[in-house]
Each structure stands twice: as structure tokens, then as C-alpha cells.
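Novice: the amino acid sequence is not available; the structure is as follows:
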């Protein structure tokens, strides 16, 4: 087999395009992951639990929500987005389902500052500006605790 | 000899290309979603210090709150005022200028009786419904 310098150059250029193409494909991945059933079977869901933070909700104020997230996977995860569900909690005389007492903030963030959860680690986190306490909130809501269900998403990192 | 080395060069390059391809796929982002609760905690109204009662004349008493009461970073601007005559239970003072101690944190009670001895307590108010606990009583005047 006789290879000229020109042939080698053309071959090298082709290889470069192949490598570049594969790299681009990985970068552009939206996170659906490679078609490897083995890897998918080992992925474990994050565990989110509520935690009590500073008492920073009062009438007319938008406050933060606090949580702890555990990552049981052998790879780090970065949390990036959140979706909010129902509000519960409160106490006697302070119904958490009444919009006069507590509501999701109009501008509650759906994209959050990235929270990195290392492999096998548990991290305390919070999202500012998630809940609003209207001026009409009942007096009985002083000191009350509210929980809001969330779905939080992220990607391996 | 040159032909053999050329073949090895091609084979080696292809092998490297495949390895790089595999490693590139392995770096793909892996989506994760989880559900659970987050928690928020409501504050509790602060308790102000004891007000000061000053008798102006036989039928007028001035009540003032000597120090501002802060709720978070906000200064409380409204108070409920209660008045006790001697050993009687405190009653809400609603018919005089003392119903609310606004920005000046002082007002006058025009409904005191001549010769009576009074003490005052105040409770901070915030929003339309939140009321704090009563302060310690003022001096007798």
C-alpha cells in the first residue's frame, strides 16, 4: 500500500471531521442519554425533603422556600429548573389553601441558580421569591409553616 | 515496508477515532427529575417595649413609645393601645387619638378621668390582621 502525503492529509482531515462531529453530538445532547440500557438501570432518583429555614414570611412579603436534596447516584447532578405544585401546611385558623393567606409568587422563578449536588451527597438549598404572603393573611398564620410540592429537574454534571 | 507501516497508520487512526467517539458519548448529559416538598416559615410579630404615660392635665394623657419596633427591616407604624385603670383589666382605647400610634409613635388619650391612675400597654399591628403580643405595662400616671 503506497500512501502519499496528500492521501494522509486527506485522511487526517476526514478523521478530524468525524471526531468533531461526535464531540458536537455529545455537546448538543438534551440529556436523553446514550442508548445504553445498562446505564439507565443504575440511575436513581434524587430525594427531596423539606427543611425549615429562617422565618422570613410576613404580610406583603415574598419569601424563600427551603429544602434538602440527596443524590444517591455515583455522578454529580446540577439542579436548574423547578415547577411548583400545591401548598399545604398552615395551622389552626391558618388555612394554607386560601389565597388570602399564602400563594405562589407571581414571579416565582422556574429557572434557579444552579445547585450542584455531588455524587452521593446531601445538600441544603433554597429558592428565593417562591411564596407570597398577602396583606390579608390571617393573624393565626404567625409562625405557621407552609410546604409546597415541587418538581425539580437537573442534569448530570 | 512502507506499505505495511501505512496500513498500521490507518488502523491506528481508526482505533483512536473510535475511542474518542465512545468517550464523547459517555459525556452526554443525563437528565434528572425529582419531586418533594419545600418549606417556608412565617414570622412572628415582635413585642415592643413598655410605653411611657405622661399626664398632661386632669383629662389628657400622652402615651408614647420611646423606641421603634422593627419587624424584619420594616418599622412598625401602627399599634393597638390598651388602658388599665388601677387594678381593672386593660381595655382597648379606640375613641381617641391613641387608637393608633403612627409615625410619631405618640398620641393623646382624651378620655381619662380626673383623679384616675392609669397604665398603658401596646400591641404592634402589621398588614390588615396581624397583631403582636402586648408590651409590658407603662408607668402609672
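Specialist: Noted; the coordinates are in hand. Please read these numbers as outputs of a predicted model, since none were measured by experiment. Residues are numbered from 1 along each chain as shown, chains lettered A, B, ... in the order given.
Novice: right, and the helix or strand after the worst-scoring helix or strand of chain A on mean pLDDT?
Specialist: Scoring the helices and strands of chain A by mean pLDDT, DSSP states H and E places helix A:37-42 at the bottom, with a mean of 44. Downstream of helix A:37-42, the next assigned helix or strand under DSSP states H and E is strand A:47-50.
Novice: from the chain's centroid, how far away is that next one?
Specialist: Distance, stretch centre to chain centre, for strand A:47-50: 12 Å (Cα atoms, centre = their mean, to the nearest Å).
Novice: could you point out the longest strand in the chain?
Specialist: As the question left the chain open, I've gone with chain A. strand A:77-91 (DSSP state E).
Novice: try again with chain B
Specialist: strand B:31-42.
Novice: would stretch A:137-156 count as contacting chain B?
Specialist: Yes - counting by Cβ under 8 Å from any Cβ of the partner chain, chain B is contacted by stretch A:137-156 at A:137-139, A:141-156. Bear in mind the C-beta positions are built from the backbone N, C-alpha and C, glycine included.
Novice: show the buried residues in those.
Specialist: Among these, those classed as buried by 16 or more other Cβ atoms under 10 Å in any protein chain shown are A:137-139, A:141-142, A:144-150, A:152-156.
Novice: out of the residues of stretch A:137-156 next to chain B, which are inside strands?
Specialist: A:145-156.
Novice: export these to a markdown table and tack on pLDDT?
Specialist: Putting those into a markdown table (pLDDT from 0 to 100) gives the following:
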| residue | pLDDT |
| --- | --- |
| A:145 | 96 |
| A:146 | 97 |
| A:147 | 96 |
| A:148 | 96 |
| A:149 | 96 |
| A:150 | 94 |
| A:151 | 94 |
| A:152 | 93 |
| A:153 | 92 |
| A:154 | 90 |
| A:155 | 90 |
| A:156 | 89 |
